[in-house]
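Chemist: Structure for the following, please:
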Amino acid sequence: MLAFPTRTLKAVALTLGLALPAMSSMAVEWRGWNIHVQDYPVSIAMDSFIRDVAEKTGGKVSGKVFHNGVLGNQPDAIEQVRLGVINFGEFSLGPMGQSVPEANVVSLPFIFKSIPQMYRLMDGEVGEAIGKGMMARGLVPVGWYDAGARSFYNAIKPINTPDDLRGMKVRVMNNDLFVSMIASMGGNATPMALAEVFQSIKNRVVDGAENNPPAYESTNHYEVAKFYSLTEHLIIPECLCVSKASWDKLTPDQQAIVKAAGKRSADLQRKLWAEREKASMEKVKAAGVKVNTVADKKPFQDAMKPVYDKFLAANPGLAGLVNMMRKAN
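Modeler: Numbers count the residues shown, from 1 in each chain. Next up, the predicted model:
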C-alpha cells in the first residue's frame, strides 16, 4: 500500500472539500422566461425579483427576464427550466400539470373558495405539497403569483345559476377538465385559441367565454360580450420557479436569498394584480358591461361532481390533496 504524508492527505481532502462550494462562489447570470408584456404585473414582479437577487448576492447571481415569450412557448419553457437550459420562469399551474401531476388539482373548478383562501393555502400546506411534486421534477417554487379568478362572460344574458349556461356555446382553454366543466352544466364547450375569441363571439360562433377581468378587458372581449358574471369558477395560481439544476449550484445562503426574493416578488405581483383588476373592472363597467355577482355558488359547485369523480378516478394518488383543499376554510 502506498503511503502519503499526512500533510498531502489533508491538502487533497481540503481541495476536494472546497470543489463544490467554489463553483457556487462564481458569478452567474440567469435567464428568465416570461410570456407577458413588459408592463404587466407578472413582468414587473419578475424584474424586481432578479434585481433583488443580484443586490442581495452582491452580484454573484444576476440575470435578465426575457418577456413576451421570446424564449419559446410555455410548455417548451417549462421543460427548458426543468432541464436547466433556462434558469427561472413564471408559469401557470394549468399547463404545468403535464409535467407535475400535483399541479393539476388547482385546475379543478371551485377547488379554491376565494382569492384570499388561495393565498393562504398556496403559502401553506397546499403550496408545500405541490412544491414537493415540482421539486421532484426539476422545478423549485420560490413564489406563488396571482392570476385572478376566471368568470363567465357572454353576449346573451347574465349567468346566475348553472342552468343559465344550458345550451350556451362557451370557449374554453384546451383542457379536458374545462370541457367537462361546461358539459356538467349543460353547455357546449368549444376549445379555441384566445386570439380567435373576439371574432368568434362577434360572429356568434360561440356565445361567450371565461377569463379573469384584465384578460376580458385587455382583449376587448367586453365590446362583443356585454354580460360579465362573477362565478369565479377557476382560480389557477402561477409559480415563479427556479430550475433545480441552477438551484443546486447555489450556496445555502444564496438559496435563502433567492427564496426570500421570490416571496417579496409574489407580494408585489399580488398587489399590482389587484390594482390591475380594479382598473379593468372600472373600464368595462364604464363601457356599459353588465357585471353581476353570483350570490350562491353552491349549485355550481354541486354540478361539478362528475368532473371531480372523473379526475379522481384517473388520479387516485391525488385524492388526499383534493380532499384537504375542499375541506379548507
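Chemist: Partner strands of the helix or strand hosting V142 and their direction?
Modeler: Using DSSP states H and E, V142 falls within strand 139-145. Within its sheet, strand 139-145 is paired with strand 238-243 (antiparallel), according to DSSP bridges.
Chemist: after the strand it pairs with comes which helix or strand?
Modeler: helix 244-247.
Chemist: Check which helices and strands that next one sits against.
Modeler: strand 139-145 (3 or more Cβ pairs under 8 Å, 6 or more residues apart in numbering; DSSP states H and E). (Each C-beta comes from the backbone N, C-alpha and C, glycine too.)
Chemist: Name the residues that touch the strand it packs on?
Modeler: 42, 45, 49, 78, 81-82, 88, 90, 96, 99-100, 119, 122-123, 127, 130-131, 134-135, 237-244, 247, 258-259, 261-263, 265-266, 269-270, 273 (Cβ atoms under 8 Å, 6 or more residues apart in numbering).
Chemist: Direction included, what does the next helix or strand after that strand pair against?
Modeler: Downstream of strand 139-145, the first helix or strand assigned by DSSP H and E is strand 149-154. Sheet pairing of strand 149-154 (DSSP bridges) gives strand 208-211 (antiparallel), strand 227-235 (antiparallel).
Chemist: Run the chain-centre distance for whichever helix or strand A215 is part of.
Modeler: Assigned by DSSP H and E, A215 belongs to helix 213-218. Distance of helix 213-218 from its chain centroid, counting by Cα atoms, centre = their mean, to the nearest Å, is 17 Å.
Chemist: got a list of contacts for that helix?
Modeler: Identification of contacts with helix 213-218 by Cβ under 8 Å, 6+ apart yields 148, 151, 153, 194, 221-222, 225, 228, 273, 276-277, 280-281, 283-284.
Chemist: Those in strands, which ones?
Modeler: Judged by DSSP state E, those include S151, Y153, Y228 as members of strands.
Chemist: Could I get those residues in CSV, plus columns for pLDDT and neighbour count?
Modeler: Listed next are these as CSV, based on pLDDT from 0 to 100; neighbours: other Cβ atoms under 10 Å:
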residue, pLDDT, neighbour count
S151, 97, 22
Y153, 98, 28
Y228, 98, 27
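Chemist: okay if I get these as JSON lines plus distance to P162?
Modeler: Listed next are the ones in strands among the contacts of helix 213-218 as JSON lines, based on distance: Cβ to Cβ, whole Å:
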{"residue": "S151", "distance to P162": "14"}
{"residue": "Y153", "distance to P162": "16"}
{"residue": "Y228", "distance to P162": "17"}
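Chemist: so which of those comes closest to K298?
Modeler: S151 (16.4 Å; Cβ to Cβ).
Chemist: what bridges to the closest one?
Modeler: Bridge pairing for S151 - DSSP bridges - gives N211.
Chemist: Hmm, it is touching F227, no?
Modeler: No: between S151 and F227 there is no contact under Cβ atoms under 8 Å: 10.5 Å.
Chemist: Start from the N-terminal end of the chain and give the strands.
Modeler: Going by DSSP E, the chain shows strands at 28-33, 61-66, 88-92, 139-145, 149-154, 169-172, 188-191, 208-211, 227-235, 238-243, 290-293.
Chemist: among those strands, which is nearest Q254?
Modeler: Comparing the strands of the chain under Cβ to Cβ, the one sitting nearest is strand 61-66, at 6.1 Å.
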